[in-house]
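Asker: requesting a structural model of the entry that follows:
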Amino acid sequence: MGLIANYSCLSDVNLKELKAMGSEEEEILESVEEWNDDDELLLDIDKMWDVLHFMLTGVGTDHKDDKNPLSQAVLGVMAVEAISDYVAYTEHNHLANIVAALDQFDIESALESFDMKACKEAELYPNIWDYEEEEEEIKDEIFHDFEQMKRFYKQVLEANGHVLVSIC
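Answerer: Numbering: from 1, shown residues only. Below you'll find the predicted structure:
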């Protein structure tokens, strides 16, 4: 197992409920799991969230940039504090900027300069950077996850929803 990133569409009601929970970790994590199970708009990028953030921003997720919509796409805008797993949300009013930034990002050019050694030096999760024979598969997975993320954010924007990010 490992840390897996899931993105789901959050309704106004569920967002309000999440905000009202404060730091009740068990309640938050149970609700997140329930909402993810019930949601038809769900994106699972498995363990590639850190390297995707690196491809989009040039830094790993340890360096979240609250002003960069590409960083927000991976990590959300508002992190829920004081819980052990990573949970964050992005309200609808931020989604158009994220969609525009994802649309403008040239993933193919970024992948041309993809470097397994740079990922290892940046200590990106997961620790797979010594498997150079799998580089093409990893690049294909990053491309696929990026395209799925673009599609997901567009769908949530059109549905007038919010985005819930969980990395557990």
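Asker: so what strands line up beside whatever helix or strand residue 89 lives in?
Answerer: Following DSSP states H and E, one finds residue 89 within strand 86-90. Using DSSP bridges, strand 86-90 pairs in its sheet with strand 78-79 (antiparallel), strand 162-167 (antiparallel).
Asker: and the gap between the residue nearest to residue 72 when sequence neighbours are not counted and residue 154?
Answerer: Sequence neighbours aside, residue 98 is the residue nearest to residue 72 in space, at 5.7 Å (criterion: Cβ to Cβ, 6 or more residues apart in numbering). The C-beta positions use only the backbone N, C-alpha and C, and glycine is treated the same way. Applying Cβ to Cβ, to the nearest Å, the value for residue 98 to residue 154 is 10 Å.
Asker: and if you look at residue 15?
Answerer: Residue 15 is 19 Å from residue 154, by Cβ to Cβ.
Asker: go on, residue 10?
Answerer: 16 Å.
Asker: ok, residue 79 to residue 34 distance?
Answerer: Taken as Cβ to Cβ, the span from residue 79 to residue 34 is 20 Å.
Asker: residues contacting the residue nearest to the spatial centre of the chain?
Answerer: Relative to the mean C-alpha position of the chain, the nearest C-alpha, by Cα atoms, centre = their mean, is the one of residue 74, at 2.9 Å. Applying Cβ atoms under 8 Å, 6 or more residues apart in numbering, we find residue 74 in contact with 5, 49, 52-53, 56, 61, 149, 165.
Asker: now do the worst-scoring helix or strand of the chain on mean pLDDT and strand 162-167, the angle between them.
Answerer: Taking mean pLDDT, DSSP states H and E as the measure, the helix or strand of the chain with the lowest value is helix 25-38, at a mean of 72. Angle of helix 25-38 versus strand 162-167, following axes from the mean of the first three to the mean of the last three Cα atoms, to 10 degrees, is 110 degrees.
Asker: list the buried ones in helix 25-38?
Answerer: 28-29, 31-32, 35-36 (16 or more other Cβ atoms under 10 Å).
Asker: got JSON lines for these, with distance to residue 140 too?
Answerer: Shown next, in JSON lines, are these (distance: Cβ to Cβ, whole Å):
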{"residue": "28", "distance to residue 140": "34"}
{"residue": "29", "distance to residue 140": "32"}
{"residue": "31", "distance to residue 140": "34"}
{"residue": "32", "distance to residue 140": "29"}
{"residue": "35", "distance to residue 140": "30"}
{"residue": "36", "distance to residue 140": "25"}
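Asker: could you measure from residue 10 over to residue 140?
Answerer: In terms of Cβ to Cβ, residue 10 sits 30 Å off from residue 140.
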